[in-house]
Structure formats: C-alpha cells, structure tokens
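>>> When you get a sec, could you give me coordinates for this:
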Amino acid sequence: MAFSLSDGQDDVTRFWREEKEKGAIYNVYLKKVTYHTLSDLDQSKGHLMWETQKIRVVKAGTLEKLVESLVTVKGELDSTYVNVFLATYRTFATPLQVLEILIKRYKWLEKDSTDHEERKENNENQQKTFKSVISVWMDTYPDDFRDYPDYKCLKVLEAFSHQFIPDSDLELRARHKIEKFEREAVSNSDGDIKFQFSIVDEVDSMIDSEYQKPLEFLDIPNNRLAEQLTFKDAELFKRVIPNHCLGAVWARRDRKLGKGGNIAPSVLATIDQFNRVSLRVIATILRTRELKSSLRAKILQKWIDIAQELRQQKNFSSLKAIISGLQSHSVYRLKRTWASLPKESIDLFQELADIFSNDNNQILSRELLMKEATAKFPDLDSNNKILQRRNLQKRRSWIENGIVQGTVPYLGTFLTDLTMIDTAIPDRTECGLINFEKRRKEFEVLAQIKLLQSAAQIYHFQEDKHIWAWFDSVRVFDENECHDLSCIIEPIKEGPARLKKKSASLGTRPARPEGSKLSLLSCGLDNSSVYNSSITDSPSQGVSLMSHSSSTSSLLSCDSDTTISSPFRSPDTCVVRVRFESGPESDTHVYKSIMLKNIDHTHTVIDKVLEKYSKKGPAGNYCLLQVLSDGGKEEGELLIPDKGNVFYAMNKSDGSEPVFVVRTRQDQEARTQHRKRGRRKLKNWSL
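Residues are numbered from 1 along each chain as shown. Here you go, the predicted structure:
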C-alpha cells in the first residue's frame with residue numbers, strides 16, 4: 001500500500017537516550033512520522049498511520065569516528081553534520097589529517113567490498129558520498145588546501161584520485177587548484193616589489209597632479225563620512241572568514257601547537273578599523289586645547305550626527321566605535337562641552353548608546369541586528385518629538401526613492417560568544433573524545449555571521465580617497481596623552497571622593513551606560529593593540545608615540561559588553577577575561593578568557609594566564625591585578641595579594657564581568673612611578 005506524509009500534523013522528535021560504542025558517543029532521538037494511506041486521501045475522513053524512526057546524532061568521538069560520520073551507514077550525506085564539521089574541524093585537526101582519514105576510509109570500503117560481496121552496493125554508495133564530501137570541501141573552503149609552497153593536501157588527493165578513482169574529476173580539479181595557487185603566489189610576490197623613484201620624478205608627479213586643499217573635519221558632510229566608514233566596514237566584514245572567528249583560532253590558542261603565523265588576519269583587520277575610528281573620535285575632540293566649549297561641542301555634536309547616519313545605514317560597527325569613543329573617560333569627563341550640546345543631541349546620543357546596553361547579555365542590540373539583518377531599511381524610533389519627525393521624513397524618503405540598505409554588524413558580539421563558548425565548554429569529554437556538541441554551538445554563531453555577510457553585499461558606496469587622506473592624517477593619542485589633554489581642557493578641581501558623590505548630577509551630560517568604556521571589539525585586542533596601526537600610521541609631529549605593543553591599562557580596555565549570564569557563572573566558578581602585559585616588548589594582541597574556580601590562588605591564576613599566552617617563566621616574576629570599574633568607568637586597579645584566593649578576593653560590586661591583568665613586577669613598579677609623576681604634573685598645572 002502506498003503512503004504519503006501527513007500535512008495536518010508536525011513530526012515530533014524527542015530525546016530518548018545516550019548510546020556509546022567504541023570511539024563515539026551518540027544522542028539518540030525518536031522521531032514520530034505520520035502518514036496517510038493513499039486509498040484514504042479521497043475520503044472525507046482519512047486514516048492516519050505513524051511510525052517511530054530512530055535518529056542517532058554524534059555527541060562526541062575520536063577524529064576517525066567524526067570523519068566517518070560524514071557519511072551515514074546507508075551511504076547518505078548528512079548535510080547538517082557536514083556543514084558543522086567543515087566549519088569547525090580546524091580547532092581539533094588539520095586539513096591533511098582529515099583528508100588522510102577520508103582516503104583511509106575509502107580504501108577500507110574498497111577492500112571490504114572485495115571480501116564481502118553482499119555489502120558491495122552499500123559500500124559503493126558510501127564511496128560516492130565520500131567523493132561528494134571532498135568536492136564540497138574543496139568548493140566551500142579552498143583555503144584549507146592552500147598550504148604553500150608544498151600543497152601537500154592537493155598532491156595527496158591528486159595521487160589518490162589517479163590510483164583509485166581515475167574516472168572522477170577529482171584528480172583534474174586537484175591539479176588545476178595547484179596551478180591556480182602557484183600563479184596567485186607568484187602574482188602576490190610580484191606585488192610586493194616596490195619601485196623607487198628619484199626625488200625629481202616625485203616632484204614632477206606632485207606638480208602634474210591636481211592640488212586638493214586638505215579637508216577640515218567640520219567641513220566634511222556627515223553622510224559622506226558615514227558612507228565612507230560603511231564602505232570600509234562592509235568591505236572588511238565581507239572578507240571575514242567565519243571559521244577564523246572561532247575562539248580557539250582567532251584568539252591564537254593554537255600557538256601552543258607551534259603553528260604560529262598570521263592568525264585570522266581578516267578578523268584582526270576588522271578589529272583594527274574599529275579601533276582606528278574610536279581613536280579618531282577622541283583625537284578630534286581633544287587635539288585643540290584652546291577651543292571654546294561651544295566650538296568643541298560642535299565637534300562632539302557632529303560625531304553624534306555621523307553616528308545617526310551610520311544607524312540609518314545599519315552600520316553597527318562604526319556606530320559602536322563612535323559611541324565608545326564618546327564614552328571614553330577623557331571625553332566623557334568634559335562637563336562644559338557636554339553641557340553646550342542641544343537637548344536633541346543629548347537624547348539622540350542616549351538612544352544610540354542604549355542600543356549597546358549590557359542588559360541581558362546585550363539583548364537589545366542582538367534583537368535589533370537580527371530584526372534588521374535582511375530588512376530594506378532600519379526601523380528608527382525615538383522618544384524625542386523632533387527626532388521622531390526627522391525619522392518619519394527619512395523613512396518616507398527611503399520608500400519614495402526605493403533605497404535599500406545593507407547591514408554591517410558589530411563583530412565583537414560574535415567574537416565574545418565564540419570566545420565564551422571556547423572557554424566554558426571543554427574541547428574533550430572526560431573519556432578523551434572530541435566534544436562535538438561544542439562545535440554545534442559554535443556553528444550556530446558562525447551561521448549568523450554568514451547570513452549577515454550576504455546582507456553586507458547590498459551596499460554600493462564608492463571609495464573617496466580625499467576623505468581617507470584626511471582620516472589617516474589625524475594624529476591620535478595614547479592613554480596618558482588623552483588624559484593629560486582632557487585635564488588641560490577642563491582641569492580637575494575636586495578630589496576623587498567629592499567628584500564621585502557629585503557624579504549623579506553633572507549638568508546636561510547624558511547618563512553613562514553600564515560598561516561604557518572605550519571598547520575594542522569584544523574580547524578583541526588588548527589595550528596595546530588599539531595603537532597598533534592607528535598611531536603608527538599617523539604623523540608623529542615630533543611626539544614620541546606609543547610602540548606597537550605598549551600597554552594602556554585603564555583608558556582603553558576590552559569591551560565590557562562581554563558580560564555573560566548564567567551559562568558561564570556558578571557559585572563555585574566563573575569565566576573572567578584576562579590580558580598579559582610584558583612591558584614595551586610585549587607582542588600580545590588579544591583578550592582571552594579563563595575559568596576561575598573558588599580554589600584558585602594568585603599563582604594558579606598567573607600560571608593559567610601564562611599558559612593561555614604560551615609564555616614561560618615562574619609566576620613569582622609577575623603580579624595579578626583586577627581592573628576596577630564604577631558604572632562602566634574605570635577607577636583603577638586592585639593588586640591581588642600573592643597568597644590570596646582570587647575568587648573571593650576579587651571585587652564583584654559593579655556586577656560586570658571581572659577583568660584581570662598579569663604584568664611583570666618590574667613593569668608594575670614603573671607604572672606606579674609614572675602615575676606619581678603624573679599627579680605632580682597636574683598639581684603644578686592647577687597652580
């Protein structure tokens with residue numbers, strides 16, 4: 001009797017039990033599938049039939065078992081499992097290891113078909129599916145085979161295909177990819193050649209080129225600058241390789257395996273651009289000491305208006321960067337400047353800042369991003385009547401002109417989620433199997449990134465080199481320079497205790513959201529990397545600038561957006577963010593996360609941090625400090641005693657995720673002396 005699936009009733013899948021076999025653990029689900037008999041389809045009352053299907057899903061396994069599971073026992077392709085595996089396997093295996101296991105399995109099936117004729121048909125189906133998996137792999141992740149200069153994976157695949165499946169196109173495809181990669185390598189090396197011209201040729205070129213007057217910030221139209229920031233952010237985001245965002249990859253945990261190299265350059269390029277924008281927001285507000293508060297307020301207001309343009313373009317990356325710059329301590333403390341802003345600008349700034357609130361693990365920004373990811377234009381709202389009218393007019397204009405906006409997300413949110421998953425969930429089970437459930441959770445985040453990358457393709461802005469020449473010419477400052485300039489503009493007149501009591505009524509300055517420090521991309525670079533290219537690519541003007549890896553511990557800190565709810569905390573453990581600073585020669589670039597237990601003492605935590613950063617040396621050479629904050633504003637650092645229990649010694653009063661710093665004792669002493677000199681300098685200025 002023939003059957004058809006019932007349309008009136010959904011299939012029900014429920015977890016049944018866990019099954020174990022050698023080298024693997026499976027979650028078993030029972031799926032109830034409902035059918036109609038064809039003979040009953042024409043009758044008014046159909047007869048329903050159902051059956052229960054058993055579905056096994058890999059929970060954990062050895063590498064061999066995980067690779068074998070790419071093809072089912074019946075020779076079918078489980079597309080969901082294949083997608084998850086290919087997106088995340090680099091955290092526990094290399095491409096060559098996976099390819100060799102695939103080839104080994106194919107050869108075993110070939111031999112098994114010879115020995116057992118009754119299994120030949122099923123084995124051949126599995127072999128065909130394995131070839132399909134390799135083809136999908138080559139098409140979806142071609143860079144996995146770009147192991148310059150040997151191209152060992154492709155050569156192994158070419159030799160295997162020639163011997164065992166000469167009738168397939170795999171051999172030809174492997175050979176063509178080798179030739180393509182070799183041509184690209186030659187082309188890239190040629191591109192590195194720099195031709196040197198004589199000074200006469202250079203002067204002639206300058207004379208022939210059309211002179212353009214350097215731009216002034218206040219003269220640049222807000223929409224033009226916003227479009228250029230969106231152009232750059234979209235280009236960088238489209239180039240992000242999603243699997244590079246995995247916590248174990250982009251945070252360079254695999255350095256312990258001796259891989260080294262330039263890890264996740266597409267992610268680091270996005271982080272660098274974010275920081276470049278934040279630093280220029282601060283620099284343009286602070287760089288001219290003699291400006292009146294009203295004129296400085298115009299600069300601040302312009303940045304708020306640019307942020308609104310970015311909101312309208314659905315560029316959450318530079319929007320977050322600008323808000324972070326305006327919330328930095330050196331800008332936020334300028335009470336007279338903020339007091340000179342009109343009420344509409346204050347309300348607009350507050351509404352934009354609220355998008356990135358830390359409440360419920362940034363639920364507002366997450367919901368807004370998913371809601372507008374594929375929408376034609378943003379859904380703007382405001383409590384201010386003037387802003388409401390502007391937003392309504394803008395919406396009508398978009399509809400009338402048929403304008404469609406793309407989307408650029410704030411990548412830090414996804415980096416935070418992936419870093420926390422990597423930290424909170426173990427790579428292996430207690431019996432030593434690879435924890436594949438962890439990879440499924442990571443894949444859910446990677447799938448969101450791929451969806452948003454398709455939305456970023458919609459933009460059609462063109463690069464304006466004149467604006468980028470201005471952008472690159474802006475001289476940015478390190479932490480100490482920002483603080484000193486801010487104190488010159490508006491000197492400190494009250495002690496910390498009195499200032500803290502009055503902080504609730506600072507004129508018309510907007511309330512500062514929790515966790516509103518100048519933020520790097522969440523769990524992104526450590527404070528030193530903010531200055532990586534942002535400072536070195538600007539004219540020095542005779543000022544000694546901070547080096548590539550100099551440390552800036554209080555102003556520029558990793559985004560406090562990484563406040564995480566219950567999945568990463570318990571009464572006896574919690575996930576904390578850490579950074580390692582080894583002084584002027586430090587080469588660290590990222591915040592990392594560790595699991596802190598209630599039995600961990602100072603030397604244990606220092607050892608964990610050193611291991612995370614692949615550093616060697618006795619814990620006694622380093623000290624551990626907690627970065628303290630009050631309402632998102634950094635207030636200083638708490639030195640953890642050498643023999644203290646860190647879990648109970650750390651300050652938890654502000655409710656935000658704890659942040660710790662490990663640095664050498666020598667560097668800590670130098671910082672202490674610097675702060676003392678700074679206080680004496682400010683005292684002399686006030687006199």
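
>>> can we go C-alpha only for contacts and neighbour counts from here?
Noted.

>>> Please name the residues that touch D112.
For D112, the contact set (C-alpha atoms under 8 Å, 6 or more residues apart in numbering) comprises R119, K120, N123.

>>> Now do the same for the last one: its pLDDT.
Going back to what we said before, that points to N123. Per-residue pLDDT puts N123 at 86.

>>> Give the buried residues for the host helix or strand of it.
Per DSSP states H and E, N123 falls inside helix 120-140. Neighbour-count burial for helix 120-140 flags 120, 123-127, 129-131, 133-134, 137-138 (criterion: 16 or more other C-alpha atoms under 10 Å).

>>> other SSEs contacting it?
helix 95-115 (3 or more C-alpha pairs under 8 Å, 6 or more residues apart in numbering; DSSP states H and E).

>>> CA atoms only for the helix it packs on, dumped as PDB, please.
What follows is helix 95-115, C-alpha atoms only, in PDB (Å, rounded to 0.1, in the frame of the first residue of the first chain):
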ATOM      1  CA  PRO A  95      43.200  19.500   6.800                       C
ATOM      2  CA  LEU A  96      45.800  16.900   6.000                       C
ATOM      3  CA  GLN A  97      44.700  14.700   8.900                       C
ATOM      4  CA  VAL A  98      41.000  14.800   7.800                       C
ATOM      5  CA  LEU A  99      41.900  14.100   4.200                       C
ATOM      6  CA  GLU A 100      44.100  11.100   5.100                       C
ATOM      7  CA  ILE A 101      41.300   9.600   7.200                       C
ATOM      8  CA  LEU A 102      38.800  10.100   4.400                       C
ATOM      9  CA  ILE A 103      41.200   8.300   2.000                       C
ATOM     10  CA  LYS A 104      41.800   5.600   4.500                       C
ATOM     11  CA  ARG A 105      38.100   5.000   4.900                       C
ATOM     12  CA  TYR A 106      37.600   5.000   1.200                       C
ATOM     13  CA  LYS A 107      40.300   2.300   0.800                       C
ATOM     14  CA  TRP A 108      38.800   0.200   3.600                       C
ATOM     15  CA  LEU A 109      35.400   0.300   1.900                       C
ATOM     16  CA  GLU A 110      37.100  -0.800  -1.400                       C
ATOM     17  CA  LYS A 111      38.700  -3.800   0.400                       C
ATOM     18  CA  ASP A 112      35.500  -4.700   2.300                       C
ATOM     19  CA  SER A 113      33.500  -4.800  -1.000                       C
ATOM     20  CA  THR A 114      36.000  -7.400  -2.300                       C
ATOM     21  CA  ASP A 115      35.900  -9.500   0.800                       C
END
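
>>> mean confidence for the strand or helix carrying E309?
Following DSSP H and E, one finds E309 within helix 293-312. Summarised as a single mean, pLDDT over helix 293-312 is 93.

>>> Strands of the stretch 301-450 of the chain, residue ranges please.
For the stretch 301-450 of the chain, strands defined by DSSP state E, counting those that start in this stretch occupy the ranges 434-435.

>>> Low-confidence stretches in it?
359-362, 374-377, 379, 382-385, 391, 397-403 (pLDDT under 70).

>>> which outside residues touch the helix holding E309?
Applying C-alpha under 8 Å, 6+ apart, the external contacts of helix 293-312 come out as 218, 222-223, 225-227, 230, 281, 284-285, 316, 318-319, 322-323, 326, 336-338, 340-341, 345, 348-349, 352, 377-378, 380.

>>> ok, of the buried residues of helix 120-140, which one's closest to S79?
V133 (9.4 Å; C-alpha to C-alpha).

>>> give the contact list for that closest one.
Contacts of V133 by C-alpha under 8 Å, 6+ apart are L70, L77, V82.

>>> go again using 10 Å as the cut-off
Applying C-alpha atoms under 10 Å, 6 or more residues apart in numbering, we find V133 in contact with L70, V71, L77, D78, S79, V82, L86, L102, Q127, D139.

>>> Quick check: which element contains N188?
helix 170-191.

>>> er, S168 actually
Short version, using DSSP H and E: S168 is in no helix or strand.

>>> Which parts of the stretch 201-350 of the chain are helices?
Per DSSP state H, counting those that start in this stretch, the stretch 201-350 of the chain carries helices over the ranges 222-239, 247-250, 265-286, 293-312, 316-326, 329-332, 335-339, 343-354.

>>> Quick check: which helices or strands does the fifth one pack against?
Think helix 316-326. With contacts defined as 3 or more C-alpha pairs under 10 Å, 6 or more residues apart in numbering; DSSP states H and E, the packing partners of helix 316-326 are helix 222-239, helix 265-286, helix 293-312, helix 329-332, helix 343-354, helix 411-424, strand 518-519.

>>> The third one versus helix 343-354: what angle between them?
With axes from the mean of the first three to the mean of the last three C-alpha atoms, to 10 degrees as the basis, helix 293-312 and helix 343-354 are set at 50 degrees to each other.

>>> Next, the angle from helix 293-312 to helix 316-326.
160 degrees.

>>> quick one: helix 293-312 to chain centroid distance?
When distances are taken as C-alpha atoms, centre = their mean, to the nearest Å, helix 293-312 is centred 26 Å away from the chain's centroid.

>>> now the second one
Its chain's average C-alpha position is 14 Å from that of helix 265-286, according to C-alpha atoms, centre = their mean.

>>> The fifth one too?
Its chain's C-alpha centre lies 26 Å from the corresponding centre of helix 343-354 when counted by C-alpha atoms, centre = their mean.

>>> ok, and for that helix, which residues are buried?
For helix 343-354, by 16+ other C-alpha under 10 Å, it's S345, I346, D347, L348, F349, Q350, E351, L352, A353, D354.

>>> Adding distance to I241 as columns, could you present those in JSON lines?
Below are the buried residues of helix 343-354 laid out as JSON lines (distance: C-alpha to C-alpha, whole Å):
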{"residue": "S345", "distance to I241": "37"}
{"residue": "I346", "distance to I241": "38"}
{"residue": "D347", "distance to I241": "37"}
{"residue": "L348", "distance to I241": "34"}
{"residue": "F349", "distance to I241": "33"}
{"residue": "Q350", "distance to I241": "33"}
{"residue": "E351", "distance to I241": "32"}
{"residue": "L352", "distance to I241": "29"}
{"residue": "A353", "distance to I241": "29"}
{"residue": "D354", "distance to I241": "29"}
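
>>> so S593 touches V578, yeah?
Yes - at 5.8 Å, S593 counts as touching V578 under the criterion of C-alpha atoms under 10 Å.

>>> quick one: common contacting residues for those two?
Common neighbours of S593 and V578 (C-alpha under 10 Å, 6+ apart) are C523, K608, V609, K612, V659, F660.
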